[in-house]
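A.B. asks: What follows is a protein structure lacking sequence information:
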C-alpha cells in the first residue's frame, strides 16, 4: 500500500516535470520562430538542451545532498565540479553533433572560451534550481508539520480516552478494598481457600491501581513478578489447580526496574488463548535477568486452544508495544510466533 502510494507520487512528479519543461521549451521556441531567419534543427535543439537539464537537476541534487545537511565546503566543491562538468558536457554534445550538421553551422568549441561563455547560462539555471529546491523543501516542511499536528492530535485523543478509562476504573477504589477486606475477614472462619483467594484478588487490584510507585513510571521487577504470581494463583483457584503452568526465573530481580503491566499482559494473553489443562503441553514462562549487560528476557510458550476462540481486539499487545517504544526506543524487542498448534511471545529489554 505504502509502496504503491510512493510510486503514484513519483509518477505524478515526473508528469509535472515533463509538463513544465514542455511549457518552458515551447515558450523559448516561440520566441525564436518569431525571427524570420530562424531555422529549427531538431538534433541541435536536443543536444543543446541536455546540458541545461543536467545543470538544473545536478544543482538540485547537490543542494539536497549538502545544503540540507549543512556541509558547506562539500557544497562549494560540488558546485565547482558541476560547473566544469556542464562545460564538458556542452563541449561533448557540440563535438558529437557537428559531423551531422552542414559545414559552418556549429563552430568548433574552444573549451577555455566555453567555460567563460557558460557562466551566464549556468547562473540562470542554478537560480531556477534554487527556486525549485526551496519550494520542495517548503512543501516537505509543511507536510512534516501537518503530520506532527495529526500525531499530536492523535496522542491527545488517546490521552483523553485513557483519562476517561482511568476515571471509570476509579470507582472509589478504597471502597472496593475495604469491601474485599470485609469479605476476607468474614470468610476466614468459613474457608481458608476462599479467604486466600479474596486476599490475592485484593493484592492484584491494589497493584493494578497503584503501579506508579511514588509517581515514577517504573516498578521493581520483583513487584511485577509478584503480581504475575498472584494472577497465576487466582487462576489456579478458579480452575481447582488444574492449570499446567511452569514459571522459571533466573537472575536477580530485586534491583532492576521496568515499566509496569507489560509482562502481565503477555501472561494474561497466554491464559486467555492457551490450552492449559494438558500436562504434556503446559504453559511455559521463562524470565532471565542478566546483571552484566542489564537485559531482561521474558517469554511465554503455550498450546493454542481448540474449539471456539475468545474474541480479541489486540489492544493489549498494541498498547504495550507503544509503551515499550516510548520508553526503551531501540533497546527492546517484542516478537510473537504463531504456529498451527503453538504460540510464543518473546520480550527482550535492555534497561541499562
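C.D. replies: Yep, it's here. As the structure is a prediction and not an experimental result, all values here were calculated from the model.

A.B. asks: Residue 221 versus residue 285, what's the distance?
C.D. replies: Computed with Cβ to Cβ, to the nearest Å, the distance linking residue 285 and residue 221 is 14 Å. For the C-beta atoms, the positions are set from N, CA and C on the backbone; glycine is no exception.

A.B. asks: typo on my end, residue 117
C.D. replies: Distance, residue 117 to residue 221, by Cβ to Cβ: 75 Å.

A.B. asks: ok, now residue 69?
C.D. replies: 42 Å.

A.B. asks: More neighbours: these two, which one.
C.D. replies: residue 221 (24 against 10; other Cβ atoms under 10 Å).

A.B. asks: Settle this for me: the more buried one is touching residue 297, isn't it.
C.D. replies: No - assessed by Cβ atoms under 8 Å, residue 221 is found out of contact with residue 297, at 11.9 Å.

A.B. asks: who touches both of those two?
C.D. replies: Common neighbours of residue 221 and residue 297, using Cβ atoms under 8 Å, 6 or more residues apart in numbering, are residue 289.

A.B. asks: Quick check: next helix or strand after the longest helix along the chain?
C.D. replies: Determined from DSSP state H, the single longest helix within the chain is helix 111-169. Counting by DSSP states H and E, the next helix or strand C-terminal to helix 111-169 is helix 173-187.

A.B. asks: For the helix or strand following that next one, which residues meet the burial criterion?
C.D. replies: On the C-terminal side of helix 173-187, the closest following helix or strand by DSSP H and E is helix 192-209. Within helix 192-209, the residues scored as buried using 16 or more other Cβ atoms under 10 Å are 195, 196, 197, 198, 199, 200, 201, 202, 203, 204, 206, 207.

A.B. asks: which residues does the last one contact?
C.D. replies: What that stands for is residue 207. Listed by Cβ under 8 Å, 6+ apart, the contact set of residue 207 reads 223, 226, 227, 230.

A.B. asks: one more time with 10 Å
C.D. replies: Going by Cβ atoms under 10 Å, 6 or more residues apart in numbering, residue 207 touches 219, 223, 224, 226, 227, 230, 231, 260, 261, 264.

A.B. asks: can you list contacts of stretch 78-89?
C.D. replies: 47, 50-55, 58-59, 61-63, 65-67, 71, 109, 111-112, 114-119, 121-123, 125-126, 129.

A.B. asks: what are the ranges of the helices in this protein?
C.D. replies: Ranges of helices in the chain, per DSSP H, are 2-33, 42-62, 72-97, 111-169, 173-187, 192-209, 221-238, 263-273, 315-328.

A.B. asks: which stretch among the ones you listed comes nearest residue 338?
C.D. replies: Residue 338 lies closest, by Cβ to Cβ, to one member of the helices of the chain: helix 263-273, at 9.9 Å.

A.B. asks: angle of the closest one against helix 315-328?
C.D. replies: Counting by axes from the mean of the first three to the mean of the last three Cα atoms, to 10 degrees, helix 263-273 lies at 160 degrees to helix 315-328.

A.B. asks: If I take helix 263-273 and helix 192-209, what angle do their directions form?
C.D. replies: Going by the same axes, to 10 degrees, helix 263-273 is angled at 130 degrees with respect to helix 192-209.

A.B. asks: Give me the distance from helix 263-273 to the chain's centre.
C.D. replies: Centroid displacement of helix 263-273 relative to its chain, using Cα atoms, centre = their mean, to the nearest Å, is 26 Å.

A.B. asks: Flag every buried residue along that helix.
C.D. replies: Residues of helix 263-273 classed as buried by neighbour count (16+ other Cβ under 10 Å): 263, 264, 265, 266, 267, 268, 269, 270, 271, 273.

A.B. asks: Quick check: closest non-adjacent residue to the last one.
C.D. replies: So the one you mean is residue 273. Take residue 273 and drop its neighbours on the chain: the residue closest to it by Cβ to Cβ, 6 or more residues apart in numbering is residue 305, 6.0 Å away.
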